[in-house]
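# Got a sequence here, can you model it:
(one chain, ligands or ions: 1)
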Amino acid sequence: MCRLAPAMREFIAALPKVELHVHLVGSASLATVLDLARRRPQPHVPTDEAELRRFYEFTDFGHFIDVYAAVNDLVTTGDDVAALVLGLAGEQARRNVRYAEVTVSATSHLRAGIAPEELDEALATSREQAKRAHGVELAWVFDIPGLWDGDFGVTSAKYATTHRPAGTVGFGLGGFEADAPRRAFREAFTIARDADLHCVPHAGETTGPDQVREALDHLHAERIGHGINAANDPELLRRLAAEGITLEICPTSNIRTGAVQNLKDHPLPRLLDAGVPITLATDDPGMFHTDLDREYLLCHEVFGLGRTELAELARTGVRASFAAPELKRSLLAEIDALGH
Ligand SMILES: [Zn+2]
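The predicted model follows:
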């Protein structure tokens, strides 16, 4: 990491932000994961900090998914879930994040032994505590963790639509894309949409533009997680810009999982040039050793974005969020008031 301009660092810290793409388990700090691993040792997850850091060096996207699943299996009680939520909220408050849509893989937690009612209660209670203790408004996106199993999608949609803890706004789809074409999850997304959940699947992270198209055409995506490979398809770029589909862009994540080889080759500038709305996010900050301020700083340092462009990224996030209209208005006014 090269030198950071102190004035730009201060500007980014002062910028009120929203985060729309962050996974609950992947947000857990090293300290939190070590604590869980030491209390309930698992064969695959290290209990030593240096080893855990090495465990988080991913050789490719498939390896990342395997590590994520191992850490997920440490989370076996409602208290664990609440600890993750409050850890994330505290970190977001430190980065001046006021509102976040947090992806929760409910079916993975249920499979690890948490009862549905226990999960509901943990999410509802910790959301209130996050607001009280940290001033961060949290909303939930429940996702299909992408495992290729015919029932997994529908099970995830049924949890989201029938349990629907307070703050539920959306339905997502993550995981390894190559084995899981977006169109295969149509039924699950229909259930979610019929229940008025917003549809925000990952697509085009490790696969090509065709999967972004499938997410739009078959899943009626309102935003796309990543979508970086749309940059290789001018017609798709025009469509994303014309329809105002926001891409949730997570530069450090793309480097750490190997989805993009070099930051300087990241498609973010090309997406911006094409007029595609972009919001910045961390994806799995605990596993990728990043935070939202750092993602903004990278955009300044690597892509040359100035204050005006960074403030616009923050505004795009607010506009693309599913926050209440009054919260959106006040965040946009705060960003304007910063001056840049
Ligand atoms: Zn993600």
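# Can you name the next helix or strand after the helix or strand hosting Thr32?
Using DSSP states H and E, the element containing Thr32 is helix 30-39. Next helix or strand after helix 30-39 toward the C-terminus (DSSP H and E): helix 49-55.
# How far off centre is that following helix?
On the basis of C-alpha atoms, centre = their mean, to the nearest Å, helix 49-55 sits 23 Å off its chain's mean C-alpha point.
# Same question for stretch 165-179.
Offset of stretch 165-179 from its chain centre (C-alpha atoms, centre = their mean): 9 Å.
# Start and end of it, how far apart?
With C-alpha to C-alpha, to the nearest Å applied, stretch 165-179 spans 30 Å between its terminal residues.
# How about it, which residues are buried there?
By neighbour count on 16 or more other C-beta atoms under 10 Å, the buried set for stretch 165-179 is Pro165, Gly167, Thr168, Val169, Gly170, Phe171, Gly172, Leu173, Gly174, Gly175, Phe176, Glu177. Yep, even glycine has a C-beta here, placed from its N, CA and C like the rest.
# Which ones among the residues you listed map onto strands?
Thr168, Val169, Gly170, Phe171, Gly172, Leu173 (DSSP state E).
# what residues are up against the fourth one?
Under the criterion of C-beta atoms under 8 Å, 6 or more residues apart in numbering, the neighbours of Phe171 are 141-143, 156-157, 160, 188-189, 192-193, 197-200.
# go on, the first one?
Under the criterion of C-beta under 8 Å, 6+ apart, the contact partners of Thr168 comprise Ala139, Trp140, Phe142, Ala160, Leu197.
# again, 10 Å this time
For Thr168, the contact set (C-beta atoms under 10 Å, 6 or more residues apart in numbering) comprises Val104, Leu123, Ala139, Trp140, Val141, Phe142, Ala160, Thr161, Ala195, Leu197, His198, Phe322.
# Just the mean pLDDT for the helix holding Thr32, thanks.
The pLDDT scores in helix 30-39 average 92.
# which one of the buried residues of stretch 165-179 sits closest to His23?
Minimum distance to His23 across those is 7.2 Å, recorded for Gly174 (C-beta to C-beta).
# So the closest one versus Leu280, what's the distance?
According to C-beta to C-beta, to the nearest Å, Gly174 stands 18 Å off from Leu280.
# the helices in the stretch 1-150 of the chain, which residues?
Counting by DSSP state H, counting those that start in this stretch, the stretch 1-150 of the chain has helices at residues 6-14, 30-39, 49-55, 61-72, 78-94, 106-111, 116-134, 150-162.
# and Leu216, what element?
Applying DSSP H and E as the criterion places Leu216 in helix 209-219.
# tell me which residues of that helix are tucked away?
Buried residues in helix 209-219 (16+ other C-beta under 10 Å): Pro209, Asp210, Gln211, Val212, Arg213, Glu214, Ala215, Leu216, His218, Leu219.
# And the next helix or strand past it?
strand 223-226.
# circling back: can you redo the buried residues of stretch 165-179 as CSV with distance to Gly258 and pLDDT?
Putting the buried residues of stretch 165-179 into CSV (distance: C-beta to C-beta, whole Å; pLDDT from 0 to 100) gives the following:
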residue, distance to Gly258, pLDDT
Pro165, 34, 95
Gly167, 33, 97
Thr168, 32, 98
Val169, 30, 98
Gly170, 27, 98
Phe171, 27, 98
Gly172, 22, 98
Leu173, 20, 96
Gly174, 16, 92
Gly175, 15, 84
Phe176, 13, 83
Glu177, 13, 86
